[in-house]
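> Return a 3D structure for these sequence lines:
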Amino acid sequence: MTTTFWSAAVALIGLALAFVLFPLFFNRPRHRAEADLRNQNLLAYRGRMAELEAEYDAGNLDPENYQQLKDELAGSLLDDVSDADAVVAGDSPDERRRTSARVVALAGLILIPVVSVTLYQQWGAMDDVEQWLAMQQVSEAGEGRKAQVAQLTDQLRARLTTNPDNPEGWAMLGRTYMNMERYPDAAWAFTQLAQQVAEAPTQQATALGLAAQARFFESQGAMTDVVTQAIVAARAINPDEVNSLGLLGIHAFEQKQFEDAIDYWERIAEVAPNHPQLPSIRQGIEQAYQRLGREAPASAPMVAAGVSDLGVTVRVTLDDSLVDQVPAETTLFVFARRPGAKSVPLAVVRRTAADLPLQLRLSDEFSMAPSAKISDAEEVVITARLSPSGNAIPQPGDWQGATATPVAVTDGREPVPLRIDQQLR
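Now for the predicted structure:
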């Protein structure tokens, strides 16, 4: 793209020079045209003299008239020849103008490219062109090209750091980092985006909400102080920022504060009726009402038709040797992830040890974000962890179990057995 740009620039500069140089080198000089005219006059004189002599020889002219006409014709020729000698012999104004034109053309040949490039470097938008190129390359890079995407993303980051006034670039950088599961970098990019759109409060709140979501993924679903601070910052600008409301709803549901979860999620359905995650939000609302032992009111958002039923049914049990070691109030997390140690959870369920043995269905209703749904995966690894601290991040002393091999995501309901049988050291 950069090569193409400079090729076009060179072509335009060349075109500009052509307008300067063409009249100089391809127009016939004025004195050459005048010389041609004098040659024509001389030929005409000779032809007229031949006619006079023919008339005289034929006896049509007497000597006196012949001499008079001959003198007049010679006098007119002498005037032309005298003017021509002055033009050729002297440094005419036309020649001086031609010399000046050569100097101007030579100066233009040097100065036009130099001044054009210099002024463009100072006032042009080459940085924007390079950023746009990097954004296009990142967006067009397909799956399976992780190394190339990482390189292009680093290039985009470097250009944005040099020229940060590009909200679209920061938004793309944040989304790309999220897809790459580089959550600290994503949070940083969204924070930079918030600074760039400070004059648009709604957009700034959304950027901060996305930063909170990235931090939430980084903590593997734990409501840490960093996540809480980001949510508070977003809602201070816009109390109805939907990413923050979604995170608060998930946290409230995990804490069994089902009334609060319903309030947060119903608010999303009210302020963002076209939210892409609305079907999952509606499922969460229904699930919260079921946990409260109540029917969802007729006015409550219901599950939309066409919601994917893909998922994994799992039956979680605790090894007999650990039954006496685990307090009933110990927090239980059940995760579904794509194969890969650093993969973001596609579904998260929070219960307690008292609920064991437990059979549940991991589906999109337990997804953490629209970009991380279990229905989009072909297979997942299921992990169950008992955490005395209540922290979703693995810590020494937690009890854990996981499926030995990835499990296919289907619409079937046959439970996959999962036993918690080891303690983390």
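
> can I assume residue 210 sits in a helix?
Yes - under DSSP: H, G, I helix; E, B strand; the rest coil, residue 210 sits within a helix.

> Help me confirm that it comes into contact with residue 190.
Yes - shown here, residue 210 and residue 190 form a contact pair, counting by Cβ atoms under 8 Å, at 4.4 Å. In short, each C-beta sits where N, CA and C put it, glycine included.

> Next, show the common contact partners of those two.
residue 174 (Cβ atoms under 8 Å, 6 or more residues apart in numbering).

> ok, then the element right after whatever helix or strand residue 333 lives in?
Applying DSSP states H and E as the criterion places residue 333 in strand 331-337. Counting by DSSP H and E, the next helix or strand C-terminal to strand 331-337 is strand 345-352.

> For that next one, what does the pLDDT average out to?
Averaging pLDDT along strand 345-352 gives 86.

> Run the angle between it and strand 331-337 for me.
If you take axes from the mean of the first three to the mean of the last three Cα atoms, to 10 degrees, strand 345-352 sits at 160 degrees to strand 331-337.

> Which other helices and strands does strand 345-352 contact?
Counting contacts by 3 or more Cβ pairs under 8 Å, 6 or more residues apart in numbering; DSSP states H and E, strand 345-352 is packed against helix 242-254, strand 331-337, strand 358-362.

> Adding mean pLDDT, mean neighbour count and distance to residue 271, write these out as TSV.
Shown next, in TSV, are the helices and strands packed on strand 345-352 (pLDDT from 0 to 100; neighbours: other Cβ atoms under 10 Å; distance: least, Cβ to Cβ, whole Å):
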stretch	mean pLDDT	mean neighbour count	distance to residue 271
helix 242-254	90	24	7
strand 331-337	90	23	29
strand 358-362	91	18	28
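
> right, so of these, which gets closest to residue 216?
Nearest to residue 216 among these is helix 242-254; the distance by Cβ to Cβ comes to 5.4 Å.

> any idea of the angle the closest one forms with strand 331-337?
130 degrees.

> Residues contacting helix 242-254, please?
Under Cβ under 8 Å, 6+ apart, the answer for helix 242-254 is 206, 208-210, 212-213, 216, 221, 223, 227, 231, 234-235, 258, 260-261, 264-265, 267-268, 271-272, 275, 277, 281, 284, 287-288, 348, 350, 368-369.

> can you rerun that using 7 Å?
Contacts to helix 242-254, defined as Cβ atoms under 7 Å, 6 or more residues apart in numbering, come from residues 206, 209-210, 212-213, 216, 223, 231, 234-235, 260-261, 264-265, 267-268, 271-272, 275, 284, 288, 350, 368.

> same deal with stretch 188-200?
Taking Cβ under 7 Å, 6+ apart as the rule, stretch 188-200 contacts 164-165, 167, 170-171, 173-174, 177, 203-204, 207-208, 210-211, 214.

> for stretch 377-388, same thing?
312, 314, 316, 326, 330-339, 346, 353, 374, 394-395, 397-403, 406-409, 416, 418, 420.

> do the same with stretch 395-403
Stretch 395-403 is contacted from outside by 322, 326, 381-389, 416, 418-425, using Cβ under 7 Å, 6+ apart.

> Any of those buried? List them.
By neighbour count, with 16 or more other Cβ atoms under 10 Å, the contacts of stretch 395-403 hold 322, 326, 381, 382, 383, 384, 385, 386, 387, 418, 419, 420 as buried.

> Which two among these are spaced furthest apart?
Checking the buried ones among the contacts of stretch 395-403 with Cβ to Cβ, the most distant pair is 326 and 381, at 22.4 Å.

> which other residues reach the helix or strand containing residue 263?
Secondary structure from DSSP H and E places residue 263 in helix 258-271. For helix 258-271, the external contacting residues (Cβ under 7 Å, 6+ apart) are 240, 242, 245-246, 248-249, 252-253, 275, 278, 281-282, 284-285, 288-289, 291-292, 300-301.

> tilt between the helix or strand just after that helix and helix 258-271?
Using DSSP H and E, the helix or strand that directly follows helix 258-271 along the chain is helix 278-291. Relative orientation of helix 278-291 versus helix 258-271 (the same axes, to 10 degrees): 150 degrees.

> neighbouring strands for the very next helix or strand once past helix 278-291, and are they parallel or not?
From helix 278-291 onward toward the C-terminus, using DSSP H and E, the following helix or strand is strand 312-318. When sheet partners are counted by DSSP bridges, strand 312-318 sits next to strand 358-362 (antiparallel), strand 416-420 (parallel).

> can you count the residues close to residue 152?
Residue 152: 21 surrounding residues under other Cβ atoms under 10 Å.

> Please report how far it lies from residue 265.
Distance, residue 152 to residue 265, using Cβ to Cβ, to the nearest Å: 37 Å.

> what's the answer for residue 406, then?
31 Å.

> Shouldn't residue 164 be within a strand?
No - read with three-state DSSP, residue 164 is coil and lies in no strand.

> show me the residues around it that make contact.
192, 196.

> do you know how far it is from residue 156?
In terms of Cβ to Cβ, residue 164 sits 12 Å off from residue 156.

> Same check on residue 67?
Distance of residue 67 to residue 156, given as Cβ to Cβ: 96 Å.

> likewise residue 335?
From residue 335 over to residue 156 (counting by Cβ to Cβ), the distance is 31 Å.

> ditto for residue 297
48 Å.

> For the residue lying closest to residue 327 once chain neighbours are set aside, which residues are in contact?
Leaving out its chain neighbours, the residue that sits closest to residue 327 by Cβ to Cβ, 6 or more residues apart in numbering is residue 353, at 6.7 Å. Counting by Cβ under 7 Å, 6+ apart, residue 353 touches 326, 327, 328, 330, 332, 386.

> is it true that residue 208 touches residue 235?
No - in terms of Cβ atoms under 7 Å, residue 208 does not count as a neighbour of residue 235; the distance is 8.7 Å.

> Quick check, pLDDT for residue 23.
For residue 23, pLDDT reads 60.

> So residue 59, which state does it fall into?
coil.

> Could you measure from it over to residue 66?
For residue 59, the distance to residue 66 - Cβ to Cβ - is 11 Å.

> If you count surrounding residues, which of these two has more?
residue 66 (16 against 7).
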